[in-house]
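Enquirer: sequence-free structure coming up:
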């Protein structure tokens, strides 16, 4: 893969989300390492060839300034939610057995609209994921009373034993690279160390943990953890996992869908709780592969000499 096709592939990924990129962002998400000189030259050539378009500081595959307007509006909306996320992350990190809290999803990429939630990626103590998740989701029940449930979308959990992400592809690598850790420096240092495979997909990405604060460690948190740091805690963690697995299996069997129209399904295991990758990831990867093929086909056709 040369720099030009790599740039096109990167823009194709974000074009699925109608999200133009800056020059720095394109370099960040390239699939191969290049010198800045080679990268800038390839970018300029693609512009001159009419393969990509530039509006102000943004680059995209479509000659459509509305995409720039959409991004700027989304960036402004994201700033407000990220301000709120900081305080929420501090609160969530105070729950028993929580070791790290990060913003994920579209908000971690600095985009939001009127339908956006605040999605959180949670790291818990080893073998206490289901206790932590149960405490947090019990609290979430109360947020529905005040219509604040969209601020507490805790949909991806791993514990200190299960930090390595099983699904290794460009989608999961991008989600890892764009996580915004807000609480738990050590937890996210270990997370990134456990997922060095992501460098095979995004060799230019760096960890975003410089401003991460420590997770909460209140007297109440210490007391609850001390109370359940025994066989009883082990049994409760296992019980909550089984109860949750049963409930989600029932939702999946009934073919219930979420607000986005995706089948409600959860990947339940001892060391992780996350949306089932079959319900979204596989569909997205198929769309992405078709998008890349279309972009590269168009690029190769333009390279062919006129007879």
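Expert: Thanks, I have the structure now. These figures come from a predicted structure and were not determined experimentally.

Enquirer: Quick check, residue 29 in contact with residue 11.
Expert: No: look at residue 29 against residue 11 with Cβ atoms under 8 Å: they stay out of range, at 9.1 Å. In short, each C-beta sits where N, CA and C put it, glycine included.

Enquirer: Overlap in contacts, these two.
Expert: With Cβ atoms under 8 Å, 6 or more residues apart in numbering applied, the overlap between the contact sets of residue 29 and residue 11 consists of residue 21.

Enquirer: With adjacent residues omitted, what lies nearest to residue 110?
Expert: Of all residues beyond its chain neighbours, the one nearest residue 110 is residue 78 (4.9 Å), with distances taken as Cβ to Cβ, 6 or more residues apart in numbering.

Enquirer: before we move on, what about residue 164?
Expert: Skipping the residues right next to it in sequence, residue 164 comes nearest to residue 194 by Cβ to Cβ, 6+ apart, at 4.6 Å.

Enquirer: swap in residue 74?
Expert: For residue 74, the nearest residue in space outside its immediate sequence neighbours is residue 111; the separation is 4.1 Å by Cβ to Cβ, 6+ apart.

Enquirer: residue ranges with poor pLDDT in this structure?
Expert: 1, 210-211, 257-264, 277-278, 302-307 (pLDDT under 70).

Enquirer: Please, which helix or strand holds the residue nearest to residue 110?
Expert: When secondary structure is defined by DSSP states H and E, residue 78 falls within helix 66-92.

Enquirer: Now that helix: buried residues?
Expert: Applying a neighbour-count criterion of 16 or more other Cβ atoms under 10 Å, one finds 67-68, 70-71, 74, 77-78, 81-82, 85, 88-89, 92 buried in helix 66-92.

Enquirer: swap in stretch 246-259?
Expert: Taking 16+ other Cβ under 10 Å as the criterion, stretch 246-259 shows 248, 252 as buried.

Enquirer: how far is it from where the chain is centred?
Expert: Offset of stretch 246-259 from its chain centre (Cα atoms, centre = their mean, to the nearest Å): 23 Å.

Enquirer: how about residue 285, what does it touch?
Expert: 169, 170, 171 are the contacts of residue 285 under Cβ under 8 Å, 6+ apart.

Enquirer: just to revisit the earlier point, now the residue nearest to residue 74: phi and psi?
Expert: phi -140, psi 140 (degrees, to the nearest 10).

Enquirer: what do you get for residue 269?
Expert: When read as degrees, to the nearest 10, the backbone of residue 269 gives phi -150, psi 170.

Enquirer: Provide the contact partners of stretch 89-101 at residue level.
Expert: Residues outside stretch 89-101 that contact it (Cβ under 8 Å, 6+ apart): 102-103, 120-125, 128-129, 131-132, 135-136, 139, 152, 154, 160, 181-184, 186-188, 191, 213, 215-218, 220-221, 224-225, 228.
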